[in-house]
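**Student:** sharing a model that was predicted from the sequence below.
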Amino acid sequence: MRTFRIDPTVGRDCRGTCGHSGQDPVGHRPALHDRSIQESPIPMPSERTAAAVPEDERTDDSPPVVTRTHGVVRALLTYADTVRDRLGGPADAVGPTDAPAGPIDPDVGVLAARAPDGELLGLFVNFACHLTVVGGPGFTADYVYYLRETLRRHYKRPDLPVGFLLGAAGDVTQVDNQRPGREFGEEWGAIFGLALSAEVAQTVARMNWSDHAVLGAKITHVDIPIRDDREVDREKPELGLGAGSVAERIYARERQLVAEERAKHPIIPCEIQAIRIGELSLVTNGAEFFCRLGLDIKAASPFRRTWVVTLANQWIGYVATPNAFYAGGYEPRTARSAKMAPWAGQSIVETSLSALGLVKKQAG
């Protein structure tokens, strides 16, 4: 996974390096701690819904619908995972390199609702980073817990609903592999949540509020096959996560399980949802979606602002870029956690853009 490090200096040019923080070699699913999922839905009264953009980002022809801020994460990506696996070094080794790791998405999306009297009713936050900061043997909402609790303290609202929508974070984590030590644990989770919540609060303070928004939605599916058997030696990393004799035994079993699933269900209908709230659009998929693919959707979207939301409504495992498949490594290596056809990413990008286009046309 490509990673960044988020610094306590909030809203500035935070820099880091990349590596991998995954702890379960195969077959892992996202998990939430019960302390962060016992939430009521954000109330959206019909007489007034609100979202906004900072005043300095507005134009006359763009309704104030959603905030998108920049500056919480500006990573110095200097160590690649899947590409460097085959071009000179592993993702999980510590050492200098000047090879670019690839993109991150530094945007923090904020969608807020308030009552006619100005009371904040709730927030949605969109951000792209693996929830692998806190770690440990239990189930946890990771830095999202600290994000939520910090915002509740800031607004003096212990019951404030805060929803989190994960961006295209399939190859993005928080670890700086060029530094000694390990950037994990409760303290790092608190720092991470504090940095994000500070940016969210600053964004809310700059909002211009709108009392109406055009709504639209489209649900579609794209059929993608489970991949055929691939060349084992091309897939495996030489070092790092997913390498070694123990990993080879695990992946041999995983390939067998994937083959059994392919024999029963060779095609998986992958759900794509596109949603419009004013000039904000959201498009979802069920993958651990590589960041480059999410940025491609944003760049080609017909909307001024688009949130890519991943691991939504189903789980289809890692969906990597073509470069990652060519290079080999942990994320694209065949397992139940990475079983889709190599061209799944492009197919999801194209279907997402088609769905966004249809939602754009719904309101004329």
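**Tutor:** Right, received. Where do you want to start? Residues are numbered from 1 along each chain as shown.
**Student:** I'd say Thr150 and Ala195 touch.
**Tutor:** No: with contact defined as C-beta atoms under 8 Å, Thr150 does not count as touching Ala195 (9.4 Å). No exception for glycine: its C-beta is placed from N, CA and C like everyone else's.
**Student:** ok, these two, which is more surrounded?
**Tutor:** Ala195 (25 against 20; other C-beta atoms under 10 Å).
**Student:** secondary structure element holding that one?
**Tutor:** With elements taken from DSSP states H and E, the one containing Ala195 is helix 186-205.
**Student:** which parts of that helix are buried?
**Tutor:** Neighbour-count burial for helix 186-205 flags 188-204 (criterion: 16 or more other C-beta atoms under 10 Å).
**Student:** return the list of helices and strands in contact with that helix.
**Tutor:** On a contact count with 3 or more C-beta pairs under 8 Å, 6 or more residues apart in numbering; DSSP states H and E, helix 186-205 meets strand 67-69, strand 108-114, strand 120-127, helix 143-154.
**Student:** do that again at 10 Å, thanks
**Tutor:** Contacts defined by 3 or more C-beta pairs under 10 Å, 6 or more residues apart in numbering; DSSP states H and E place helix 186-205 against strand 67-69, strand 108-114, strand 120-127, helix 143-154, strand 162-166.
**Student:** let's verify Ser352: helix, strand, or coil?
**Tutor:** Secondary structure, DSSP: H, G, I helix; E, B strand; the rest coil: Ser352 is helix.
**Student:** nearest spatial neighbour of it, chain-adjacent residues omitted?
**Tutor:** Val283 (4.5 Å; C-beta to C-beta, 6 or more residues apart in numbering).
**Student:** what confidence value was assigned to that neighbour?
**Tutor:** At Val283, the model reports a pLDDT of 98.
**Student:** before we move on, what about Arg255?
**Tutor:** 94.
**Student:** just to be sure, it is in a helix?
**Tutor:** Yes: counting by three-state DSSP, Arg255 is part of a helix.
**Student:** all helices for the stretch 201-350 of the chain, in order.
**Tutor:** Assigned by DSSP state H, counting those that start in this stretch, the helices in the stretch 201-350 of the chain fall at 232-235, 245-264, 291-300, 322-327, 344-362.
**Student:** what is the mean pLDDT for the shortest one?
**Tutor:** Averaging pLDDT along helix 232-235 gives 72.
**Student:** what's in contact with it?
**Tutor:** 86, 242, 248, 251-252, 255, 325-330, 332-335, 338 (C-beta atoms under 10 Å, 6 or more residues apart in numbering).
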